[in-house]
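[1] the sequence and its predicted three-dimensional model are supplied below.
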Amino acid sequence: MRFTRTSKALGIVAIAALALTGCGAGGGGSTDGSSNAAGDPNKVITAYSNEPQNPLLPANTNEVYGGRVVELLFEGLRTYDASGKPVNALADSIESSDAQNWTIKVKQGQKFTNGEAITAKTFVDSWNFAANSKNLQNNGFFFESIAGYEDVSAVNSEKGADGKTTTTPAPKADTMSGLAATDDSTITVKLAQPEADWSLRLGYSAFFPLPSAALADPKTFGENPVGNGPYKFEKQGSWVHDQSISLVKNADYKGPREAKNGGVSFKFYTDPGPAYTDLQSDNLDITDVLPSNALKTYVSDFPDRNSTKPVATNSTLNIPPYNPNFQGEAGKLRRQALSYAINREEIAKVVFNGTRTPAKAFVPPVIDGFKEGLKGSEVLKFDAAKAKDLWAQAEKIQPYDNSKPLQIASNTDGGNKEWIDAVANGFKNNLGIQAEIQPFAKFAEVLNLRKSQQLPGLTRAGWQGDYPSLYNFLGPVWATNASSNYEKYSNPEFDKLLKDGLAAKSTDEANGKFNQAQEILFQDLPGLPLWDQARPIVWSNNIVKAETGWNGGILYYGITAK
């Protein structure tokens, strides 16, 4: 998402062994025994969140706190149900006879909440805007498959006197040659190569339609967005920065995600502790972020008002390639040593109380095509002796600069300090180096630091699936110049395997290529896979029913209130 917040491999709609039934006391999301209760359709619920990183434009939002708002304000051609299955929304049909040339029929009579009609041209204009590098949209990479994308996304790269490389937009065309609206209801798309399940990604927010005002003045629009989804801004200025965002039900919405409540008011917290206290006193209605000390008590604290299930979300510890301590052969040995020095199993058990499972790969096991035991994945096992030996080998090549502690950048609102402290202790005890958290009150601040290539040390990172696919956990995160590849990792062999996987003619062949690509990541270790998540949520006495979707995001539109 985006960090949570999106695939292209064949047949990757299914999520293997997702275990979608709730594991909380009393059966998870319908624990009060009245899952069919209608509740109060006009009551506004209050939900935990944090300040979004950017103005609320779908193609520029790739972090979880902005993403949860954008996904409620807008509707695309498709959406995903709770199990990850794609469902047509604004699309009447999406068809192709050769997996390269696609015809999309757009439902007629659809409008934005300002009354502007949504047509095929609306989508074409919105996608071209998103893909064009001059518009600086974070999610432009998601249009990579469309013919002509390379022309609209071109950039100039220059190395300055300080040795740093900067890029500037240099599009060769304003629109993608493979994209057209042939009439008000028909979109034609030509891909650069056949991709049999390209349409699967069309439920992701980058593909949402935008009204003309957004294209004319994106910055202003992003402060008071006008969408077509199940909710809309309560009023002008509903985004009170660093405090809240208030949404109300869109009474004109008739799609598959019709709201069962009167609205959602997102309250921003920089610490999950006060939010948890507010939930206990019914001053907040729902949260998906728990303080670490509550992971052992949330079931008893919220009997019949909690749910936990495995989801398509993982966490990594990223290592910027511009850090001198982790460059060259010595750097490669040190990255391996860091990984061996982390006791993932102990941290998952002690700090997370079983709501995390130690990572086995760069993708979570709930995604179809997941494979355990990939070549190189042995670095994910805790081995103090191996860690010390690798570090010693690195020292013989190039001494480590230990003049100051190794910092690990992280937002503090997500209960991250405890596990980072545990990781830092592992580095100290097993490698003899000092490490500490580099704390930030807002997740957006961490992303901005990563994007500007100014991390002094490492950074926590992670991914919440945008659509259910191995590729989605690899391409947007690690491919060269990908939208969420903030640390600028690049390996041509990795990129080629991704491209080969996208063009594969069978699910097994596609997944095989993607798993080979993961083996390249295990060689380079641009990031250290940490753990996969079972997402716990808790809710107040004001809520009848709540649940998360396949990727761990709360299905806010489905929440029923008393």
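    Arrived safely.

[2] all strands of the stretch 401-550 of the chain, in order?
    406-411, 435-440, 458-464, 527-539, 543-545 (DSSP state E, counting those that start in this stretch).

[3] hang on, I meant the stretch 201-350 of the chain
    Assigned by DSSP E, counting those that start in this stretch, the stretch 201-350 of the chain shows strands spanning 231-233, 239-240, 244-249, 263-268, 286-287, 306-318.

[4] strand partners (parallel or antiparallel) of the longest one?
    With DSSP bridges as the test, strand 306-318 is paired with strand 458-464 (antiparallel), strand 527-539 (antiparallel).

[5] still on that earlier bit, which of the strands of the stretch 401-550 of the chain sits closest to residue 85?
    strand 458-464 (17.6 Å; Cβ to Cβ). In short, each C-beta sits where N, CA and C put it, glycine included.

[6] quick one: work out the angle between that closest one and strand 406-411.
    Orientation check (axes from the mean of the first three to the mean of the last three Cα atoms, to 10 degrees): strand 458-464 against strand 406-411 gives 40 degrees.

[7] ok, which of the strands of the stretch 401-550 of the chain comes nearest residue 515?
    strand 527-539 (13.8 Å).

[8] send me the closest one as PDB with only the CA atoms.
    C-alpha atoms of strand 527-539 as PDB (Å, rounded to 0.1, in the frame of the first residue of the first chain):
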ATOM      1  CA  GLY A 527      16.300  -5.700   2.900                       C
ATOM      2  CA  LEU A 528      16.000  -8.300   5.500                       C
ATOM      3  CA  PRO A 529      12.600 -10.100   5.700                       C
ATOM      4  CA  LEU A 530      11.500 -10.100   9.300                       C
ATOM      5  CA  TRP A 531       8.000 -11.500   9.800                       C
ATOM      6  CA  ASP A 532       4.600 -12.000   8.300                       C
ATOM      7  CA  GLN A 533       1.500 -10.800  10.000                       C
ATOM      8  CA  ALA A 534      -1.600 -12.100  11.600                       C
ATOM      9  CA  ARG A 535      -3.500  -8.800  11.900                       C
ATOM     10  CA  PRO A 536      -5.400  -8.300  15.200                       C
ATOM     11  CA  ILE A 537      -8.100  -5.700  15.400                       C
ATOM     12  CA  VAL A 538     -10.200  -4.700  18.400                       C
ATOM     13  CA  TRP A 539     -13.400  -2.600  18.600                       C
END
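
[9] and residue 480, what is it in contact with?
    Counting by Cβ atoms under 8 Å, 6 or more residues apart in numbering, residue 480 makes contact with 489, 490, 491, 492, 495.

[10] let's have those in TSV, adding pLDDT and distance to residue 358.
    Formatted as TSV, the contacts of residue 480 follow (pLDDT from 0 to 100; distance: Cβ to Cβ, whole Å):
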residue	pLDDT	distance to residue 358
489	96	23
490	97	28
491	97	25
492	97	31
495	97	28
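
[11] helices and strands of this protein: which one has the lowest mean pLDDT?
    Least confident element among the helices and strands of the chain, by mean pLDDT, DSSP states H and E: strand 155-159 (a mean of 76).

[12] where does the stretch 251-400 of the chain have low pLDDT?
    Low-confidence segments of the stretch 251-400 of the chain (pLDDT under 70): none present.

[13] check the chain too.
    For the chain, applying pLDDT under 70 flags the ranges 1-38, 159-165, 414.

[14] quick one, longest helix in it?
    In the chain, taking DSSP state H as the definition, the longest helix is helix 507-524.

[15] only C-alpha atoms, please: export that helix in CSV.
    Listed next in CSV are the C-alpha coordinates belonging to helix 507-524 (Å, rounded to 0.1, in the frame of the first residue of the first chain):
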residue,chain,number,x,y,z
THR,A,507,0.6,-20.0,-13.2
ASP,A,508,3.3,-22.4,-12.2
GLU,A,509,5.8,-20.9,-14.8
ALA,A,510,5.0,-17.4,-13.6
ASN,A,511,5.5,-18.3,-9.9
GLY,A,512,8.7,-20.1,-10.8
LYS,A,513,10.2,-17.0,-12.3
PHE,A,514,9.1,-14.8,-9.3
ASN,A,515,10.6,-17.3,-6.9
GLN,A,516,13.8,-17.3,-8.9
ALA,A,517,13.7,-13.5,-8.6
GLN,A,518,13.5,-13.8,-4.8
GLU,A,519,16.7,-15.9,-4.9
ILE,A,520,18.4,-12.8,-6.4
LEU,A,521,17.1,-10.8,-3.5
PHE,A,522,18.6,-13.3,-1.1
GLN,A,523,22.0,-12.9,-2.8
ASP,A,524,21.9,-9.1,-2.6
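
[16] check what contacts it and list those residues.
    9-12, 332, 361-363, 368-369, 371, 374-377, 379, 470-471, 474, 478, 489, 491, 493-494, 497-498, 500-502, 504, 527.

[17] buried residues in that helix?
    The neighbour-count criterion (16 or more other Cβ atoms under 10 Å) identifies 507, 510-522, 524 as the buried residues of helix 507-524.
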